[in-house]
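Colleague: Sequence and predicted structure are below.
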Amino acid sequence: MYRNDSFGRRLRLGHLGRRGGSGLLLVPLDHAVGAGPLGAAADLDALVAQLAEHGADGVVLHKGAARRIRPARFRDLSLIVQLTGSTALAADPDAKYPVASVEEALRLGAHAVSVHVNAASRTEAAQIEHLAEVAEQCDRWSLPLLAMMYVRGPAIRDGRAPQLVAHAVAVAAEIGADLVKTALPDDPAAAARVIAGAGVPVLAAGGAPDPGPDAVLSRMADAMRAGAAGVAAGRLVFTAGDPAAVVRRLAAVVHDRAPVAVR
């Protein structure tokens, strides 16, 4: 499934995908830099404990947040450190920039790192250049790389258009990502074509929790049936009144390929 066969990379990827042939369920919790404090995630350590207990395989955290988590939480959970950020307060929120390094992630004990790229943004060139630099460092230190690839920019009307998503995913694969998270097309057949042509495992982004958890879960189930390697859903989880219950439902979709029970 994964093309890089260095021992260290295989060891870390093995921890990330320790359920074997089951899908991968990640919960990104890196939103506070962009959107402000996560209300439901005020006690981040307690939230991460719930995620680990109820079926998540890994969490994505910024370096400062990772230090607030008890190391024991990561016995049954993988730590992915986010290396990029931007805020909704900026003149151009799509302009992602480096906020941490591969070396810092390794010092934290990370199992992988993540880089967010907004293709078609005004600063696309700098973002892709940074992705390439991180990919080289990950090769050097045998650290898996998750690329969060979105199509966002002033000229983009539909960031889920199949040809645009396929292009963004191809950029990540060609530059050296091990995994790609993206907003897949709404049409399952189109999503299947994007996934089949990706060359690396693709994770379906959960996106906004609107119009409700059932709709998002159904979309994630469609993505799994289309061949996605897993799901990365953050806002759906940490905005929920009962994050543990939402993670259990996601785990059923991702790990067990269970149908979504409408509630």
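Modeller: Nice, I can see it.
Colleague: going forward, measure contacts and count neighbours with C-alpha atoms only.
Modeller: OK.
Colleague: residues in contact with stretch 58-69?
Modeller: 16, 25-30, 44-45, 48, 52, 77-83, 100, 104-105, 108, 114 (Cα atoms under 8 Å, 6 or more residues apart in numbering).
Colleague: Averaged pLDDT, stretch 86-98. What do you get?
Modeller: Computed over stretch 86-98, the mean pLDDT rounds to 97.
Colleague: just the CA coordinates of stretch 177-191, formatted as CSV?
Modeller: What follows is stretch 177-191, C-alpha atoms only, in CSV (Å, rounded to 0.1, in the frame of the first residue of the first chain):
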residue,chain,number,x,y,z
ALA,A,177,3.2,12.4,0.2
ASP,A,178,2.4,9.0,1.7
LEU,A,179,-1.2,9.9,2.4
VAL,A,180,-3.5,12.6,0.9
LYS,A,181,-6.5,14.1,2.6
THR,A,182,-8.9,15.9,0.3
ALA,A,183,-12.5,17.1,-0.2
LEU,A,184,-13.6,14.4,-2.7
PRO,A,185,-16.2,15.1,-5.4
ASP,A,186,-19.8,14.6,-4.2
ASP,A,187,-20.5,12.1,-7.0
PRO,A,188,-19.3,8.7,-5.8
ALA,A,189,-18.3,7.6,-9.3
ALA,A,190,-16.2,10.7,-9.8
ALA,A,191,-14.7,10.2,-6.3
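Colleague: about what we covered before: give me the buried subset of the contacts of stretch 58-69.
Modeller: The neighbour-count test (16 or more other Cα atoms under 10 Å) applied to the contacts of stretch 58-69 identifies 16, 25-30, 44-45, 48, 52, 77-83, 100, 105, 108, 114 as buried.
Colleague: In helices, which of those appear?
Modeller: Counting by DSSP state H, the part of the buried ones among the contacts of stretch 58-69 found in helices is 16, 44-45, 48, 52, 105, 108.
Colleague: got a list of what Glu136 touches?
Modeller: Glu136 makes contact with Gly176 under the criterion Cα under 8 Å, 6+ apart.
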